[in-house]
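Participant: predicted coordinates and the sequence they were generated for:
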Amino acid sequence: MKNIAFIINPISGAKETQNAKKKLPKLIMQTLDMEQWLPNIVFTEYAGHATELAYQYARMGFDAVVAVGGDGTINEVARGLKDTKTALGIIPMGSGNGFARHLNISIRPQKALEMLNHSEPIAVDYGLANGKLFVSTCGTGFDAVVADNFAGSNKRGFMTYLQNTLKVAWSYHPQTYHIVGDGLDVTHKAFLITFANANQWGYEALIAPKASLQDGKMDIMLMSSHAILGSASLALRLFTGSIDNSYFMDTLRAKEVTLEREEKAPFHIDGDPVEMEKDIHIKIVPDGLRVLVEKRF
C-alpha cells in the first residue's frame, strides 16, 4: 500500500469545474485502486495552503501528492514537493491546464484518476525566477498583461482568456529587453518573452513546441515587437505547434540567464501574475521534481 494525498483547490477553473470538484472525493473512492493506494483527501482554504499541505505530506513520507486544479494549484503543490522523493500527481481541473497537457494527462478527471492506477514517477526539471518556482512557463510582456487582466476577471475559461487577449492586443506597447548569461548577450525589443520549461501556456497554445521537461534547459521565446502585423498567422502557428518557425519569433536556449528590463512591468509565473523586480534571474533546476505519468510498458 502506498500513501497518496489529493489536494483539491475548490475555486480554480470555471463554475462548472468548481461544481464537479464537490463530487470528486466520491469519484476518487470509486476509481482509485484501493489495493495499491491509501488516499487522503483535503480541500485548500486559502492561497498558499496547497504548498503547506504538500510540504507536510512530503515530510510524512507520502509516496505521492496529487494537485487537483489548474497550473496555479500545481505550482503551489510543486513548491512543497520540490527536491523530495514524493511524486506530484495531477488531476487537471483548472482553466488552461498547460502542464498536464504537456505530460499527456487527460483533462477528464476519471481518465486522469485511472492513469494513477498504472502510473510511474519520472524526474523533471523546474525553474526559478528570482527564487520563485515555475513548472511550465514564466514571462513578461503582452502575455503577462493578459494574465494580469485574466486574474482580475470574474469568469474563467478560454473565451474569457480570448476576450482579455483581444482587449489588450491593440493598446500594448512593447519594451526593450536585455538577456545575458550562459553565453548569451541579446538585446531585443519584444512583444513578449516567455521562458519555457514546458511547451505551452495552456489550452494547447504551444508557445515553445520543442521545450522539454528533462533537458536541463529552458526555451526562451522572443516575439517581435511587430508581431501584431502577423497576428493571424501567429495565432494559427500557436495552436499547430509551429510558432517557432515564424518570422516574428526567435528562440534561444539556456540553463540560466538574467533578464534586464527598462522598467518594472507585469510578470507571470505559470499563468498567474506576480510582483517582480525590474531585473530577473531565471534558471532551470534539473531533475528537481518527481511527477506521476502513465507507465511505459
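Facilitator: Received it, and whenever you're ready, just let me know what you need. Note that the coordinates shown come from a computational prediction; the quantities given were computed from them, not determined experimentally.
Participant: how about low-confidence regions in this protein?
Facilitator: Judged by pLDDT under 70, the chain has its weakly predicted residues at 148-170, 297.
Participant: domain-wise, how is it divided?
Facilitator: In the domain annotation for the chain, the residue ranges read 2-117, 135-281 (automatic domain parsing).
Participant: select, out of the ones you listed, the one closest to residue 288.
Facilitator: Distance to residue 288, taken as CB to CB, is lowest for domain 2-117 among the domains of the chain, at 5.4 Å. Where C-beta positions appear, they are placed from N, C-alpha and C, glycine not excepted.
Participant: could you find the closest non-adjacent residue to residue 118?
Facilitator: What sits nearest to residue 118 in space, not counting adjacent residues and going by CB to CB, 6 or more residues apart in numbering, is residue 295, at 5.0 Å.
Participant: ok, the one you found - how many residues close by?
Facilitator: 11 (other CB atoms under 10 Å).
Participant: and it, its phi and psi?
Facilitator: phi -60, psi 140 (degrees, to the nearest 10).
Participant: which ones are touching it?
Facilitator: The contact partners of residue 295, by CB atoms under 8 Å, 6 or more residues apart in numbering, come to 118, 119, 120.
Participant: 10 Å instead, please
Facilitator: For residue 295, the contact set (CB atoms under 10 Å, 6 or more residues apart in numbering) comprises 115, 117, 118, 119, 120, 121.
Participant: give me the element the fifth one is part of.
Facilitator: Read it as residue 120. strand 119-129 (DSSP states H and E).
Participant: and stretch 79-93, which residues are buried?
Facilitator: For stretch 79-93, burial by neighbour count (16 or more other CB atoms under 10 Å) applies to 79-82, 84, 86-93.
Participant: adding distance to residue 135 and secondary structure, write those out as CSV.
Facilitator: CSV is the format used below for the buried residues of stretch 79-93 (distance: CB to CB, whole Å; DSSP: H, G, I helix; E, B strand; the rest coil):
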residue, distance to residue 135, secondary structure
79, 9, helix
80, 12, helix
81, 11, helix
82, 9, coil
84, 15, coil
86, 15, coil
87, 14, strand
88, 9, strand
89, 13, strand
90, 10, strand
91, 15, strand
92, 13, strand
93, 16, coil
